[in-house]
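Visitor: kindly generate the corresponding structure for this input.
(one chain, ligands or ions: 1)
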Amino acid sequence: MLTTEEYFKSLLQKDFNRDDILDLSKVNFDPHQFIELINKSEKFEIIHSHDGPISVVLEENEKRIGDFSKMSTDFGKHIDGLYKENPPQFVILYCENEGLGEATTNFYDSKFIASILKACCKADNLIMNYIGRDSKIYPQKFIRQHPITKNDVIMIASRGFIQQDPKSDLSKMANLKELNEVLTLTNAIPPTCSITLKKYDLVLFDNYSFPHSRQSKVTDTKRKLYRIWFNALA
Ligand SMILES: [Fe+2]
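Guide: Numbering: from 1, shown residues only. Reported below is the predicted structural model:
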């Protein structure tokens with residue numbers, strides 16, 4: 001098992017000029033020490049979320065309206081930070097407590113989904129409206145380019161609506177057939193990888209290339225992950 005410092009040193013050796021990073025490591029991880037190491041480095045920058053530099057992913061019994069990330073046993077595929085114009089490039093999820101150990105984290109191949117959609121549907125100009133926790137609408141192009149490799153990737157969210165206006169009347173939409181095709185295809189593609197995170201597991205992944213989801217039979221209030229977002233500087 002790696003220490004936080006050893007893990008950070010391994011990142012310094014790693015080539016981040018690519019779009020296929022999805023790695024699992026065993027680390028005795030201290031998120032605060034990691035943030036300090038990143039802040040001293042010239043290779044990376046931490047991206048803050050609403051929670052600051054470190055988020056705790058913890059399911060809750062109490063239902064929070066509209067925020068499925070806190071209580072849903074099935075939190076659909078999404079990329080993180082869609083309320084930012086440029087969502088973070090990389091995500092670290094670290095398992096502090098595996099809880100019942102039943103929840104799987106699924107990863108999907110965004111480039112593959114984008115290529116299928118482009119081949120089969122008129123998906124080029126669709127807008128995905130993401131509804132943030134603050135209930136504001138954040139529009140994104142549904143298919144956009146990966147920030148490093150410029151490959152096509154999809155912008156997908158659990159609270160995301162692939163149409164021009166999430167409040168519009170679906171029955172009056174001219175492109176309803178294409179939208180249905182896009183949604184059916186997007187939902188039909190299975191994960192490329194599923195992980196049940198155990199204590200000390202740290203998964204690092206490219207946020208644009210690997211939309212992720214969580215599935216569990218039960219709400220697991222003991223399962224505790226830390227989440228950190230960062231970018232690699234050119
Ligand atoms: Fe997420």
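
Visitor: longest single helix anywhere in this structure?
Guide: For the chain, the helix with the greatest residue count under DSSP state H is helix 176-188.

Visitor: report the mean confidence score over it.
Guide: Mean pLDDT, computed over helix 176-188, is 82.

Visitor: partner strands of whatever helix or strand comes next after that helix and their direction?
Guide: Beyond helix 176-188 in the direction of the C-terminus, DSSP states H and E gives the next helix or strand as strand 193-195. Using DSSP bridges, the strands paired with strand 193-195 in its sheet are strand 104-107 (antiparallel).

Visitor: contact partners for Lys9?
Guide: When the contact criterion is CB atoms under 8 Å, 6 or more residues apart in numbering, Lys9 has no partners at all. For the C-beta atoms, the positions are set from N, CA and C on the backbone; glycine is no exception.

Visitor: okay, and it sits in which element?
Guide: Assignment of secondary structure by DSSP H and E places Lys9 within helix 4-13.

Visitor: how far out from the middle of the chain is that helix?
Guide: Relative to the mean C-alpha coordinate of its chain, helix 4-13 is positioned 22 Å out (CA atoms, centre = their mean, to the nearest Å).

Visitor: can you show me the CA trace of that helix as CSV?
Guide: Taking Å, rounded to 0.1, in the frame of the first residue of the first chain, the C-alpha atoms of helix 4-13 are listed here in CSV:
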residue,chain,number,x,y,z
THR,A,4,-0.1,9.7,0.3
GLU,A,5,3.4,11.1,-0.6
GLU,A,6,4.3,8.0,-2.6
TYR,A,7,1.0,8.2,-4.4
PHE,A,8,1.5,11.9,-5.2
LYS,A,9,5.1,11.1,-6.5
SER,A,10,3.5,8.5,-8.8
LEU,A,11,1.3,11.2,-10.2
LEU,A,12,4.3,13.4,-10.9
GLN,A,13,5.7,10.6,-13.1
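
Visitor: list the buried residues for that helix?
Guide: By neighbour count on 16 or more other CB atoms under 10 Å, the buried set for helix 4-13 is Thr4, Tyr7, Phe8, Leu11.

Visitor: now for these: which two are most distant?
Guide: When CB to CB is used, the two most widely separated members of the buried residues of helix 4-13 are Thr4 and Leu11, lying 10.8 Å apart.

Visitor: can you list the low-confidence ranges for this structure?
Guide: 63-66, 71, 164-174 (pLDDT under 70).

Visitor: what residue is smack in the middle of it?
Guide: Averaging the C-alpha coordinates of the chain gives a centre point, and the residue nearest to it by CA atoms, centre = their mean is Ile79 (3.1 Å).

Visitor: that one and Trp229, how far apart?
Guide: 11 Å (CB to CB, to the nearest Å).

Visitor: shared neighbours, those two?
Guide: Between them, Ile79 and Trp229 have Asn207 as joint contacts when contacts are counted by CB under 8 Å, 6+ apart.

Visitor: excluding chain neighbours, what is closest to Lys26?
Guide: Closest residue to Lys26 apart from its sequence neighbours, by CB to CB, 6 or more residues apart in numbering: Met1 at 4.6 Å.

Visitor: over to Leu58?
Guide: Nearest-residue entry for Leu58: Lys224, 5.3 Å, with adjacent residues in sequence omitted and distances by CB to CB, 6+ apart.
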